[in-house]
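Q: coordinates for the following, if possible.
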Amino acid sequence: MWGAISPGEASALYRLVAQSPTDLVLKTDRMGRIVHATAATGGLGLAFAGDPVGRHLLELLHPSCSEAVLAEHAAAVRGQDGSGWIEVLVLAQDGSQRWMEMKLGGLPERCGALGLLRSIDERRALEDRLFVAAMTDPLTRLTNREAFVRMLGHLVESNASGHVALFDLDHFRTINLRHGHSGGDKVLVAFARLLRSLLRADDIVSRVGGGTFGVLLPEVDAATAHSACARVVAAMAELNEGAGRHRLTASAGVARFAVSADSTLREAELALLSAKSRGRNRVERARRWH
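A: The predicted model follows:
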């Protein structure tokens, strides 16, 4: 037997939570109107200043959370177990929004619900930083292959029109052997900057591995996609004029969005291989265009 908490101990526990600057305890009636709130309401700068008693619970929250919170509140009033902690977007007095987690439980005789709101801003910020780190190439600061494939998949599944391009630095391995990885890294960073400077703001540029870069060109036709890629290849060649037989160029393969991300990438890769086999420093279109 785990033991029981006496009424006095329960009161002490409530006071401990009530004094927290980041935890907000609310009591509502059956309709969801607040009948009691701890002092953290003011400290958290939530949607309304002053005493929240008499305001509806939903007035604290972004409208996108209303349906989920109403369902949780109704279940709590009926005495049913809800889904536990749910994440909600809370409105602040200054117009900003912040993430909190909420848990609701029923009161005796189904007279209302008791809720706990807890700030999770720090946790969400950490999660966002970890997500960005997992989806970013640390050298070029472009998105990486995983992010590129996910974004391509989203575009294809949403039936968006457009093209994907794969660029590969010709003889990049030779650069690494001749100048070391630090020299190769400088070339990668420079090429990433070149891509971003020559392509549209809406185009999504990623480093997908080694000396290979992927570009998503949404809402462009075949001619525009080919022209954009040719502009990059030509600019790269011009940067290396006079470099002799060791000049660095780029090849590219372009394909229209297909029925899946895999098939689209496969066609772009085949077009890139065609560009390599036909002398490099050129752009080739996927066979489906011909």
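
Q: make it CA atoms for all contacts and neighbour counts henceforth
A: Will do.

Q: secondary structure class for the residue nearest to Arg285 when sequence neighbours are not counted?
A: Excluding the flanking residues, the one nearest Arg285 by C-alpha to C-alpha, 6 or more residues apart in numbering is Val254, at 4.9 Å. Following DSSP: H, G, I helix; E, B strand; the rest coil, the label given to Val254 is strand.

Q: quick one: low-confidence parts of the protein?
A: The chain contains residues with pLDDT under 70 at 1-22, 39-45, 47-50, 240-246, 288-290.

Q: which helix in it has the most residues?
A: Using DSSP state H, we find that the single longest helix of the chain is helix 172-198.

Q: next, Arg78: phi, psi?
A: Backbone geometry at Arg78, expressed as degrees, to the nearest 10, gives phi -80, psi -10.

Q: skipping adjacent residues, who's closest to it in space?
A: Arg110 (6.1 Å).

Q: show me what contacts the one you found?
A: Applying C-alpha atoms under 8 Å, 6 or more residues apart in numbering to Arg110 gives the contacts Arg30, Val77, Arg78, Gly79.

Q: the first one contacts Gly112, doesn't it?
A: Yes. In this structure, Arg30 is within contact of Gly112 by C-alpha atoms under 8 Å, at 4.2 Å.

Q: show me what the lengthiest strand in the chain is packed up against.
A: The residue-count maximum for a strand in the chain (DSSP state E) belongs to strand 97-106. Under the contact definition 3 or more C-alpha pairs under 8 Å, 6 or more residues apart in numbering; DSSP states H and E, strand 97-106 sits against helix 66-77, strand 86-91, strand 112-119, helix 121-134.

Q: buried sites along the helix or strand harbouring Leu155?
A: According to DSSP states H and E, Leu155 maps onto helix 145-157. Within helix 145-157, the residues scored as buried using 16 or more other C-alpha atoms under 10 Å are Arg145, Ala147, Phe148, Val149, Leu152, Gly153, Leu155, Val156.

Q: make TSV from the residues you listed and add distance to Ala275 to it.
A: Formatted as TSV, the buried residues of helix 145-157 follow (distance: C-alpha to C-alpha, whole Å):
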residue	distance to Ala275
Arg145	21
Ala147	25
Phe148	22
Val149	22
Leu152	22
Gly153	25
Leu155	25
Val156	25
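
Q: how near is Arg141 to Leu217?
A: 19 Å (C-alpha to C-alpha, to the nearest Å).

Q: go on, Val88?
A: Val88 is 35 Å from Leu217, by C-alpha to C-alpha.

Q: now Leu194
A: Counting by C-alpha to C-alpha, the gap from Leu194 to Leu217 is 16 Å.

Q: look at the two and report which has more neighbours.
A: Legend: neighbour count by other C-alpha atoms under 10 Å for Leu194 and Leu217, higher for Leu217 (25 against 14).

Q: my guess is that one contacts Ala201. True?
A: No. With contact defined as C-alpha under 8 Å, Leu217 does not count as touching Ala201 (10.1 Å).

Q: need the contact list for the residue nearest to Gly115 when sequence neighbours are not counted.
A: Excluding its sequence neighbours, the residue lying closest to Gly115 (C-alpha to C-alpha, 6+ apart) is Leu104, at 4.3 Å. Neighbour list for Leu104: Glu72, His73, Ala76, Gly82, Gly84, Ala113, Leu114, Gly115, Leu116 [criterion: C-alpha under 8 Å, 6+ apart].

Q: one step back: so what sits against both of Arg30 and Gly112?
A: Shared contacts of Arg30 and Gly112 (C-alpha under 8 Å, 6+ apart): Val77.

Q: out of the helices and strands packed on strand 97-106, indicate the one that is most buried.
A: Most buried of these, by mean neighbour count (mean count of other C-alpha atoms under 10 Å): strand 112-119, with a mean of 22.

Q: please save the CA atoms from it in PDB.
A: C-alpha atoms of strand 112-119 as PDB (Å, rounded to 0.1, in the frame of the first residue of the first chain):
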ATOM      1  CA  GLY A 112     -16.600  21.500 -13.100                       C
ATOM      2  CA  ALA A 113     -12.900  20.800 -13.700                       C
ATOM      3  CA  LEU A 114      -9.600  21.500 -12.200                       C
ATOM      4  CA  GLY A 115      -6.800  22.300 -14.700                       C
ATOM      5  CA  LEU A 116      -3.000  22.700 -14.600                       C
ATOM      6  CA  LEU A 117      -1.200  24.900 -17.200                       C
ATOM      7  CA  ARG A 118       2.600  24.600 -17.300                       C
ATOM      8  CA  SER A 119       5.000  26.600 -19.400                       C
END
